[in-house]
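Q: sequence-free structure coming up:
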């Protein structure tokens, strides 16, 4: 059985007016089916390039990216994407924003509407279907964008620092909700983040990246039992994993011991 | 739980809005004051004008007081209305032509870099020619009828609409376009469902600027050569040293411009209720961006 997503020796060089810039070099990993894989790294390590390559919005300079065993040579459409900004359309209602996914794919809106409403209900937005995005808080808006990414039941969910723009408390709420949704749906998820705790809490495995050019430092297995809860974050195993990942960053010179 | 707290915040805000508390009464007063303050300024200016003219004894053939202008407008109501009707026709025709040409052109320029590269510099260069300077040539070409006025109104409105509309089509964030591509949407579908609605606030901004310019264009056209219209009437009144009538025409022109602007603004409010600049006070319930 092929992996949901596979990177084989992938490198990416961007041509800029001031010369070429290497974003990624020699990336090898696979996202297994039904797996939650966190990609963790500091800013500017090419995490977001991974997402662009995985969804066929960019193409690798070297190596091959495969989705469901097929080489990616055009935008991959059997995916849901959540960006750091919610990118909701201001002129559409909450429900209309979720159903955009269906309209753009020329699917039957009537058939998917109950599902869209159900998704909104599960993230606590029942009763907000007719509201416009500007009437919602940042956390609520990002919940809508998660619903939009899930409504067509995609095989892979890509999330690019989806909670990066939120305050700490809203962020924790959404991490818990994402964990619950993932537990129920078991989608293949590629979750890009720069938050160590978030990466470990959610994931089956954490891909730790080093910066410039981005490459895989280590893939850490997260052997924490599921479902995870608030207490998980205080368990010795969780803390040990956090310490391990942090030591990787110290070794790579990204984090420095204070003297 | 997250959802509970969200809901209860909204609920409490709704009840607060429903009960006429002191705070909401104060807010209502503030809204009333905001609405009335421009009117207060205008009335104050008129009063100062009237008083100055009377106290300083300025002769009416130099600067008539507002009361005299108002009286003249009533007396010459028919003359002004007939001419305003002519000018309005020119303004609307020129404005409509500019809209029909500018928006599709801007859409093409914004979509295709190649076209923009080739055409935009010429477009900008053409804008450095003062429209007033072209007007006499247009009269030579098209005579004294409706056509040159419409064309000048068109030329003067055209560029602001193009520039603002282009900005609008460009303002769509890269992520939205990515999202659209990941949904397998065609360029056309992305354009219709995302780029056009996203551009509307900017398009309306351009339309508003152009609405006042259209009046300028038509009047310039009438100055050069016409036998009717408010611009023509202004030239005639000046020739007769009838300053009172000149002012009456100026006020009529201004009212025409205001009417057009208000119409566009109203249309915008109807078409874009979601648009940011129209949110009362800037914040809606629950929009605390937490």
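A: Thanks, I have it. Quick caveat, the model's predicted, so the values are computed rather than measured.
Q: just say helix, strand or coil for the residue in the stretch 151-259 of chain A that chain B sits nearest to.
A: Using CB to the nearest CB, the closest approach of the stretch 151-259 of chain A to chain B is made by residue A:173 at 3.9 Å. C-beta: built from backbone N, CA, C; applies to glycine. Following DSSP: H, G, I helix; E, B strand; the rest coil, we place residue A:173 in the helix state.
Q: surely it is in contact with residue A:137?
A: No: here residue A:173 does not reach residue A:137: they are 11.1 Å apart, not a contact under CB atoms under 8 Å.
Q: can you tell me the closest non-neighbouring residue to the residue nearest to the spatial centre of chain B?
A: Nearest residue to the geometric centre of chain B (CA atoms, centre = their mean): residue B:208, 2.3 Å. The shortest distance from residue B:208 to any non-neighbouring residue, by CB to CB, 6 or more residues apart in numbering or on different chains, is to residue B:264 (5.4 Å).
Q: check which helix or strand covers that neighbour.
A: Element membership of residue B:264, judged by DSSP states H and E, is helix B:243-271.
Q: what is the rounded mean pLDDT of that helix?
A: Averaging pLDDT along helix B:243-271 yields 92.
Q: list the buried residues for that helix?
A: By neighbour count on 16 or more other CB atoms under 10 Å in any protein chain shown, the buried set for helix B:243-271 is B:243-249, B:251-253, B:256-257, B:260-261, B:264, B:268.
Q: tell me how far it lies from the chain's centre.
A: Distance of helix B:243-271 from the chain centroid (CA atoms, centre = their mean, to the nearest Å) equals 10 Å.
Q: leaving out chain neighbours, which residue sits closest to residue 65?
A: You didn't pick a chain, so chain A it is. Excluding its sequence neighbours, the residue lying closest to residue A:65 (CB to CB, 6+ apart) is residue A:72, at 4.5 Å.
Q: try chain B instead
A: Take residue B:65 and drop its neighbours on the chain: the residue closest to it by CB to CB, 6+ apart is residue B:53, 4.3 Å away.
Q: coming back round to it: correct me, but the residue nearest to residue A:65 touches residue A:63?
A: No: using CB under 8 Å, residue A:72 makes no contact with residue A:63, being 11.1 Å away.
Q: looking at these two, which one has more neighbours?
A: When residue A:72 and residue A:63 are compared for neighbours, residue A:72 comes out ahead with 22 against 17, by other CB atoms under 10 Å in any protein chain shown.
Q: that one: what's it in contact with?
A: By CB atoms under 8 Å, 6 or more residues apart in numbering or on different chains, the contact list for residue A:72 reads A:53-54, A:56, A:59, A:65-66.
Q: apply 10 Å and report the result again.
A: Counting by CB atoms under 10 Å, 6 or more residues apart in numbering or on different chains, residue A:72 makes contact with A:5-7, A:53-60, A:64-66.
Q: and the furthest pair within the residues you listed?
A: The largest distance within the contacts of residue A:72, taken as CB to CB, falls between A:6 and A:57 and amounts to 17.3 Å.
Q: what comes up buried for the helix or strand where residue B:51 lies?
A: Secondary structure assignment for residue B:51, by DSSP H and E: helix B:22-56. Within helix B:22-56, the residues that count as buried by 16+ other CB under 10 Å are B:49, B:53.
Q: next, the residue nearest to residue A:14 when sequence neighbours are not counted: secondary structure please.
A: With CB to CB, 6+ apart as the measure, residue A:21 is the residue that lies nearest to residue A:14, at 4.7 Å, once sequence neighbours are left out. Judged by three-state DSSP, the three-state class of residue A:21 is strand.
Q: quick one: residue A:21 from residue A:11, how far?
A: In this view, residue A:21 and residue A:11 are 12 Å apart by CB to CB, to the nearest Å.
Q: what touches both of the two?
A: The contact sets of residue A:21 and residue A:11 overlap at residue A:213 (CB under 10 Å, 6+ apart).
Q: and these two? Which one has more around it.
A: Shown here are residue A:21 and residue A:11; by other CB under 10 Å, residue A:11 has more neighbours (17 against 13).
Q: can you give me the strands in chain A?
A: Shown for chain A, the strands assigned by DSSP state E span residues A:5-16, A:19-31, A:36-40, A:62-67, A:70-71, A:79-82, A:156-160, A:188-193, A:205-210, A:215-221.
Q: dump the ones you listed to CSV, plus mean pLDDT.
A: Converted to CSV, the strands of chain A look like this (pLDDT from 0 to 100):
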stretch, mean pLDDT
strand A:5-16, 88
strand A:19-31, 87
strand A:36-40, 93
strand A:62-67, 90
strand A:70-71, 88
strand A:79-82, 92
strand A:156-160, 93
strand A:188-193, 93
strand A:205-210, 90
strand A:215-221, 85
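Q: re the thing from before, isn't the residue of the stretch 151-259 of chain A closest to chain B up against residue A:139?
A: Yes: using CB atoms under 10 Å, residue A:173 is in contact with residue A:139, at 6.6 Å.
Q: find residues that contact each of residue A:72 and residue A:63.
A: Both residue A:72 and residue A:63 are in contact with A:7, A:53, where contact means CB under 10 Å, 6+ apart.
Q: distance of the closest residue to chain B within the stretch 51-200 of chain A from residue A:140?
A: Of all residues in the stretch 51-200 of chain A, residue A:124 sits closest to chain B, at 2.4 Å by CB to the nearest CB. Per CB to CB, residue A:124 is found 8 Å from residue A:140.
Q: more neighbours: those two, which one.
A: Using other CB under 10 Å as the criterion, residue A:124 and residue A:140 rank with residue A:140 on top: 25 against 20.
Q: isn't that one right next to residue A:134, touching?
A: No: if you go by CB under 10 Å, residue A:140 and residue A:134 don't touch, sitting 11.1 Å apart.
Q: so residue B:268 makes contact with residue B:200?
A: Yes: using CB under 10 Å, residue B:268 is in contact with residue B:200, at 8.2 Å.
Q: need the overlap of contacts for those two.
A: The contact lists of residue B:268 and residue B:200 share B:207, B:275, where a contact means CB under 10 Å, 6+ apart.
Q: around residue A:252, how many other residues sit close by?
A: 17.
Q: burial of the closest residue to it other than its chain neighbours, as a residue count?
A: Closest residue to residue A:252 apart from its sequence neighbours, by CB to CB, 6+ apart: residue A:210 at 4.8 Å. Residue A:210 is flanked by 20 other residues according to other CB under 10 Å.
Q: buried set for the helix or strand residue B:233 falls within?
A: Secondary structure from DSSP H and E places residue B:233 in helix B:230-239. Buried residues in helix B:230-239, defined by neighbour count with 16+ other CB under 10 Å: B:230-235, B:237.
Q: packing partners for that helix?
A: helix B:77-111, helix B:196-224, helix B:243-271 (3 or more CB pairs under 10 Å, 6 or more residues apart in numbering or on different chains; DSSP states H and E).
Q: now find how far off-centre the longest one is within its chain.
A: Averaged C-alpha coordinates place helix B:77-111 at 12 Å from its chain's average position (CA atoms, centre = their mean).
Q: walk me through the domains of chain B.
A: Annotated domains of chain B cover B:19-58, B:64-274 [automatic domain parsing].
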